[in-house]
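Engineer: pasted the sequence and its predicted model underneath.
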Amino acid sequence: LFSSAFKGVWMIKFVFLQFFLYLCARFSKMERSVVFSPFWLYYFDMNKQILRLAIPSILANITIPLVGLVDTIIVGHISDVHAIGGIAIGTMLFDLLYWNFGFLRVGTSGLTAQAFGRGDNAHCARILTQSVSIALMGAALIWALQWIFVKVALAIVPCSQEVALFARQYFFIRIWAAPATLSLMAIKGWFIGMQDTVSPMAVDILVNIVNMLVSYLLAVYTPMGALGVAAGTVVAQYSGLLLALIILLWKFRHVWTGLSLWKLLKDRSGVRNLISLNANLFIRSLCFMVVYVGFTSLSSLYGDTDLAVCSILMKLFMFFSYFVDGFAYAGEALVGKYIGQHQTLSSERSSLTSLVKLLFIWSLGVGCVFTLIFACCAQPLYQLMTSELVVVNRLSDFTPWLIAMPIVSTLAFMWDGVFTGATAGKQIRNAMILAAIGFVVGYLATYHWLGIHALFVGYFLHLLARVLYLTFTWKPLVNKYITSFSNT
């Protein structure tokens, strides 16, 4: 009976897979004979490239919350409630701080992918040295302003003196990891641009393993106590940086052949484009802060129960985004490579078009899966996230928002990846400015009669604004590249 059921399940999966691949062939105008082959992944090169880049990125993304989670678990078992609260506040401060440096990864990946597509190793190496230099200057700035940042942040964030004291101590230890953390952002972006998402995954796995082991040893077996988790994070970040440097010198040694590091550091060609792109992406990061910090801050006005509800729903959204972002990273790498190879020209334009369509098919597939999961399993998920019956019952009122978000957010995240690969900094910036305005206007226009649901109206509108703006600017952007390539 079990064997028959097992075969039946796999037969259903096979039929569904063939139908899905038929859609891929239909929308990307590829031969059905290739698609219906049982070993289609080996022949269907575009799908193979997408999955090769997306799957390691998804696995790496899932490890993202582990650093803060491990710290909380260790402290929760060896210390008191003030230390747990201090860890939460300290982790939040670093999230706010490092989020604004997200341009180091995003900007580096698109520029590197285009240089990779052109086969320009020297420019690939130059982009990395310039990005890491900016990262180190950013770390120096953080070190210089750390006292002011902590003082202002803790004055704004409501917490007890005991929690604030621990958060301050935690921050001033973990801040020593800033050069490694920011440099890793740039290096991971470079790896993605070089069509390699396995190396960032390996770095993330090492960072998490070292963090767990060292944090536990320092917290349990040294006088540092609970603050050992901060030192463990510092050790883990530098361990990850060391592995990244080893990969750079070994796996990508061909990129550095015949190049002088000193000459690369002195070379300023292309730095204006990098700074311009990073400036636009920095503005984008600030707009993200308006949306996500605004969402959390405003939700706190509606009481502890609704704050917990919004926090849980946002965590579910973020977990879903880790999967879609895997395909967005693949989009960054492949779109950049295709543009670098001038794959937008005349007869070759269909290659880029097919790539973008396939990226959206894969990401929409992920969105549909999560829509079904949220529609069928919302209640068990709520119970998994909290045992508070009041919060679980309140969450049921927000299930329609949970079900509606995946499809729209999938489109927004995927367009971000495509435009990042195209290094379209202005369009990404403008889309996020409109999105932030959409969030604010959506909330202000509806909170009088919708209450806390107005937050989700604003969040939905911010996603919709990104999708609509980037959708309508994609074709003009491709035409711009065609014109520039024709003139060269």
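Structural biologist: Alright, I've got the coordinates. Numbers count the residues shown, from 1 in each chain.

Engineer: you'd agree Ile87 is up against Tyr170?
Structural biologist: Yes: Ile87 lies in contact with Tyr170 (CB atoms under 8 Å); the separation is 6.4 Å. C-betas here are computed from N, CA, C, even on glycine.

Engineer: spit out the residues that contact those two alike.
Structural biologist: Taking CB atoms under 8 Å, 6 or more residues apart in numbering as the criterion, Ile87 and Tyr170 both touch Val229.

Engineer: so what's the residue count around Phe472?
Structural biologist: Applying other CB atoms under 10 Å, we find 9 other residues in the vicinity of Phe472.

Engineer: look up how far Met432 lies from it.
Structural biologist: Applying CB to CB, to the nearest Å, the value for Phe472 to Met432 is 15 Å.

Engineer: I'd like the mean pLDDT over the helix or strand encompassing Phe374, please.
Structural biologist: Using DSSP states H and E, Phe374 maps to helix 349-385. Per-residue pLDDT over helix 349-385 has a mean of 86.

Engineer: helices or strands next to that helix in the packing?
Structural biologist: If you count contacts as 3 or more CB pairs under 8 Å, 6 or more residues apart in numbering; DSSP states H and E, helix 349-385 packs onto helix 2-28, helix 45-62, helix 304-340, helix 389-395, helix 399-421, helix 453-486.

Engineer: and for the fourth one, what's in contact with it?
Structural biologist: Right, the one you point to is helix 389-395. Everything outside helix 389-395 that qualifies as a contact, by CB under 8 Å, 6+ apart, is 305-306, 308-309, 312-313, 378-379, 382-383, 386.

Engineer: show me the shaky parts of the stretch 101-250 of the chain.
Structural biologist: Counting by pLDDT under 70, the stretch 101-250 of the chain has low-confidence residues at 158-159.

Engineer: helices along that one, start to end?
Structural biologist: In the stretch 101-250 of the chain, the helices defined using DSSP state H, counting those that start in this stretch lie at 103-118, 121-156, 161-174, 178-193, 198-221, 228-250.

Engineer: so who does the residue nearest the centre of the chain touch?
Structural biologist: Central residue check for the chain by CA atoms, centre = their mean: the C-alpha nearest the mean position is that of Asp325, 5.7 Å away. Residues in contact with Asp325 (CB under 8 Å, 6+ apart) are 57-58, 61, 413, 417.

Engineer: for Trp256, same thing?
Structural biologist: 125, 248-249.

Engineer: how near is it to Pro200?
Structural biologist: For Trp256 relative to Pro200 (CB to CB), the value is 19 Å.

Engineer: equivalent analysis for Ile361, please.
Structural biologist: Applying CB to CB to Ile361 and Pro200 gives a distance of 24 Å.

Engineer: which one of the two has more residues nearby?
Structural biologist: Pro200 (26 against 19).

Engineer: nearest residue to that one in space, please, no chain neighbours.
Structural biologist: Residue nearest to Pro200 in three dimensions, not counting chain neighbours: Lys188, with 4.3 Å by CB to CB, 6 or more residues apart in numbering.

Engineer: burial count for the one you found?
Structural biologist: Neighbour count of Lys188, defined by other CB under 10 Å: 26.

Engineer: what does Leu301 give?
Structural biologist: Look at Leu301: counted by other CB under 10 Å, it has 11 neighbours.

Engineer: picking up where we left off before, for the contacts of Trp256, which one is nearest Met212?
Structural biologist: Leu248 (25.2 Å; CB to CB).

Engineer: am I right that Thr473 is in contact with Gln427?
Structural biologist: Yes: contact criterion CB under 8 Å: Thr473 and Gln427 qualify, at 5.1 Å.

Engineer: how close does Tyr447 get to His453?
Structural biologist: Applying CB to CB, the value for Tyr447 to His453 is 9 Å.

Engineer: do the same with Leu96
Structural biologist: 26 Å.

Engineer: now Glu388: phi and psi?
Structural biologist: phi -80, psi 110 (degrees, to the nearest 10).

Engineer: that one is in contact with Ala308, isn't it?
Structural biologist: Yes: using CB under 8 Å, Glu388 is in contact with Ala308, at 7.2 Å.

Engineer: and those two? which has more neighbours close in?
Structural biologist: More neighbours surround Ala308 than the other of Glu388 and Ala308, with 18 against 14 (other CB under 10 Å).

Engineer: tell me the secondary structure for Thr423?
Structural biologist: coil (DSSP: H, G, I helix; E, B strand; the rest coil).

Engineer: which non-adjacent residue is nearest it?
Structural biologist: Of all residues not flanking Thr423 in the chain, Gly110 sits nearest, at 4.2 Å (CB to CB, 6+ apart).

Engineer: so the one you found sits against Ala422, correct?
Structural biologist: Yes: contact criterion CB under 8 Å: Gly110 and Ala422 qualify, at 6.9 Å.

Engineer: residues shared between the contacts of those two?
Structural biologist: Gly336.

Engineer: all set now, cheers.
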